[in-house]
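J.: Okay, predicted coordinates and the sequence, questions at the end:
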Amino acid sequence: MKVSIPDVPDRLPADALHEAANRVHSVALRLLRIIRTVDVETGLSGPRASLLSVLVFAGPLSISRLAEIEQVSVPAITKLVDALAKEGLAKRRRSNKDRRVVMVQATDHGKRLLEEGRARRVEAMAGTLAKLTARELEQVDRAFTILQRKVLSRG
């Protein structure tokens, strides 16, 4: 089934910049759908998987910092932390600097689960990219190198 990319929304200019942004947006959403199909195997909801990823890659963080990163309230992040802790994927500890602050970190089990999930997602993406010619793959790699540099430099 061939899926077309919708036109740039009417309220935006139909220039080269917005056309490219519209294509990146549409393709990114479709790529995320491909990835989500293998994410079910982790047994984690999207919010739990996202939080576990933050804990694995950013290290131990306070509840308030996690809420800020995940853009949810402190009570919402506390419920997510509770769920991860109950599954043995995260653990709490008091901050060494301020005993009132609770720090959360991924457990070894949480790290393994996340890495296994990442491997499945990368395999799913590799399956999609395998349909490209060597030249197309090189072009995609160059484009994503540029995007990665620009997106990651935003902090």
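T.: Yep, it's here.
J.: Only C-alpha atoms from now on, for both contacts and neighbour counts.
T.: Noted.
J.: quick one, strands of this protein?
T.: 61-62, 90-94, 102-106 (DSSP state E).
J.: Report pLDDT for R65.
T.: Listed pLDDT for R65 reads 95.
J.: Leaving out chain neighbours, which residue sits closest to L84?
T.: A90 (5.4 Å; Cα to Cα, 6 or more residues apart in numbering).
J.: before we move on, the earlier item: export the strands of the chain to CSV and tack on mean neighbour count and distance to L132?
T.: Below are the strands of the chain laid out as CSV (neighbours: other Cα atoms under 10 Å; distance: least, Cα to Cα, whole Å):
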stretch, mean neighbour count, distance to L132
strand 61-62, 18, 40
strand 90-94, 17, 39
strand 102-106, 22, 37
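J.: Give me the neighbour count for the nearest residue to A49 once chain neighbours are set aside.
T.: Sequence neighbours aside, L114 is the residue nearest to A49 in space, at 7.7 Å (criterion: Cα to Cα, 6+ apart). Other residues lying near L114 total 22 when counted by other Cα atoms under 10 Å.
J.: need the contact list for L114.
T.: Applying Cα atoms under 8 Å, 6 or more residues apart in numbering, we find L114 in contact with T42, A49, L52, S53, V56.
J.: Buried ones only from those residues, please, as a PyMOL command.
T.: A single PyMOL command suffices to select whichever of the contacts of L114 are buried according to 16 or more other Cα atoms under 10 Å:
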select buried, resi 49+52+53+56
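J.: Now pLDDT too, for the contacts of L114, in JSON lines please.
T.: As requested, the contacts of L114 are exported to JSON lines (pLDDT from 0 to 100):
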{"residue": "T42", "pLDDT": "86"}
{"residue": "A49", "pLDDT": "91"}
{"residue": "L52", "pLDDT": "95"}
{"residue": "S53", "pLDDT": "93"}
{"residue": "V56", "pLDDT": "95"}
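J.: which one of the contacts of L114 sits closest to S153?
T.: S53 (19.4 Å; Cα to Cα).
J.: What does the pLDDT read for the closest residue to the closest one other than its chain neighbours?
T.: Ranked by Cα to Cα, 6+ apart and with sequence neighbours excluded, the top spatial neighbour of S53 is L114, at 6.7 Å. According to the prediction, L114 has pLDDT 93.
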